[in-house]
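Q: Fold the following for me, if possible:
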Amino acid sequence: MKLNYDKAQLEAVVDKVAERTMNMDMTWDWPCGVAYYGITEAYEATGNKKYLDMVKERVDELISLGLPDFTVNNCAMGHVLLTLYKETGDETYKKIIDDKLDYLTNHALRFGDHVLQHTVSANNDFPEQCWADTMFMAAFFMLRAGVMFERPELVEDALNQWYWHIQYLQNERTGLWRTILDDPESYEEVSASAGIAAAMVLKGNPLHIKYINKAITGILENISEDGKVMNVSGGTAVMKDREGYRSISKRWIQGWGQGMALAFFGTVLNYEKFTGDGAL
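A: Numbers count the residues shown, from 1 in each chain. Here you go, the predicted structure:
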């Protein structure tokens, strides 16, 4: 089996979503970090330098305005900085990368087993709570930086985060990561679906292809004419009950929805690099 998609159609959708994403008003925080990670993944997949240029212009503007205090959440902006540094060699980006890594390594709140506590502000937001979000915002950033700069201590720390977050958060009976995945009345959510499907592409298991193909169709059906990724959850903190999750709005455009859709489409367009197989 092969992935079933039209390359030209997918590239046109990527362009539309990328343009819409860059028209959003976002600050130096995690929604922007996820969104711009998606833009850089679109650049990696297509080679279209327009994506790199427009994200560079916006990031440079945000840097000139001054950066906020670091949190686990806003370390998500490190991903776009890694790509910009790799492509330009500009030491401005390297300095901010190093500062974020120093914060995560030496200053960010941690608890038992050296696990990063999830933080969204300069306050002690969620005492001794680990969130799956931290895996992207911080651990994946540390892993990428550790590989790029040949710093094995960062790789080791990142892998430690993965290990302990799995121990704390995974349901051992099903192996599923939850919001309310077992609730048939919960709405289908596009950003998480894009992230899960992207992981399936990267895994390369042929048994997943039928699910990836369903995701391609489903996510394409949720892209508006102006490039908005629709049906994206407004974000989930730890809610009190089932209704708390089910009532979160999916009406508005969200940076993480834009970014995860772009990341998924990028992995699909790169599929033949992973497996040698292209589209039907």
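Q: Please verify my assumption that residue 258 contacts residue 24.
A: Yes. Contact criterion Cβ atoms under 8 Å: residue 258 and residue 24 qualify, at 7.2 Å. Any C-beta I mention is one placed from the backbone N, CA and C, and that applies to glycine too.
Q: The two: who's more crowded?
A: A side-by-side neighbour count of residue 258 and residue 24, using other Cβ atoms under 10 Å, places residue 258 first with 30 against 15.
Q: Might you report the residue contacts of the more buried one?
A: Counting by Cβ atoms under 8 Å, 6 or more residues apart in numbering, residue 258 makes contact with 17, 20, 21, 24, 34, 35, 38, 228, 229.
Q: Over to residue 90?
A: Residues touching residue 90, when contacts are defined by Cβ under 8 Å, 6+ apart, comprise residue 84.
Q: Give me the distance between it and residue 105.
A: To residue 105, residue 90 is 23 Å away according to Cβ to Cβ, to the nearest Å.
Q: before we move on, back to that, and the contacts of residue 258, which are buried?
A: Of the members of these, the ones counted as buried by neighbours, 16 or more other Cβ atoms under 10 Å, are 17, 20, 21, 34, 35, 38, 228, 229.
Q: With pLDDT and distance to residue 135 added, can I get the contacts of residue 258 in JSON lines?
A: Shown next, in JSON lines, are those (pLDDT from 0 to 100; distance: Cβ to Cβ, whole Å):
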{"residue": "17", "pLDDT": "97", "distance to residue 135": "23"}
{"residue": "20", "pLDDT": "96", "distance to residue 135": "27"}
{"residue": "21", "pLDDT": "96", "distance to residue 135": "22"}
{"residue": "24", "pLDDT": "94", "distance to residue 135": "24"}
{"residue": "34", "pLDDT": "96", "distance to residue 135": "12"}
{"residue": "35", "pLDDT": "97", "distance to residue 135": "18"}
{"residue": "38", "pLDDT": "96", "distance to residue 135": "17"}
{"residue": "228", "pLDDT": "95", "distance to residue 135": "26"}
{"residue": "229", "pLDDT": "94", "distance to residue 135": "21"}
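Q: would JSON lines of the residues you listed with secondary structure be doable?
A: Formatted as JSON lines, the entries for those read as follows, by DSSP: H, G, I helix; E, B strand; the rest coil:
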{"residue": "17", "secondary structure": "helix"}
{"residue": "20", "secondary structure": "helix"}
{"residue": "21", "secondary structure": "helix"}
{"residue": "24", "secondary structure": "coil"}
{"residue": "34", "secondary structure": "helix"}
{"residue": "35", "secondary structure": "helix"}
{"residue": "38", "secondary structure": "helix"}
{"residue": "228", "secondary structure": "coil"}
{"residue": "229", "secondary structure": "strand"}
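Q: Counting neighbours, which bits of the strand or helix carrying residue 195 end up buried?
A: For residue 195, the host element (DSSP states H and E) is helix 190-203. By neighbour count on 16+ other Cβ under 10 Å, the buried set for helix 190-203 is 190, 191, 192, 193, 194, 195, 196, 197, 198, 200, 201.
Q: Put together TSV for those residues, with pLDDT on each row.
A: TSV is the format used below for the buried residues of helix 190-203 (pLDDT from 0 to 100):
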residue	pLDDT
190	88
191	90
192	87
193	89
194	92
195	90
196	90
197	91
198	92
200	90
201	91
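Q: returning to what we had before: what are the contacting residues of the helix holding residue 195?
A: Helix 190-203 is contacted by residues 3, 179, 208, 211-212, 215-216, 218-219, 222, 229-233, 254, 256-257, 260-261, 263-264, 266-268, 271, 274 when judged by Cβ under 8 Å, 6+ apart.
Q: Same question for stretch 94-113.
A: 63, 67, 70, 72, 75, 77-78, 81-82, 85, 116-117, 119, 124, 128, 138, 141-142, 145, 153-154, 157, 160, 164.
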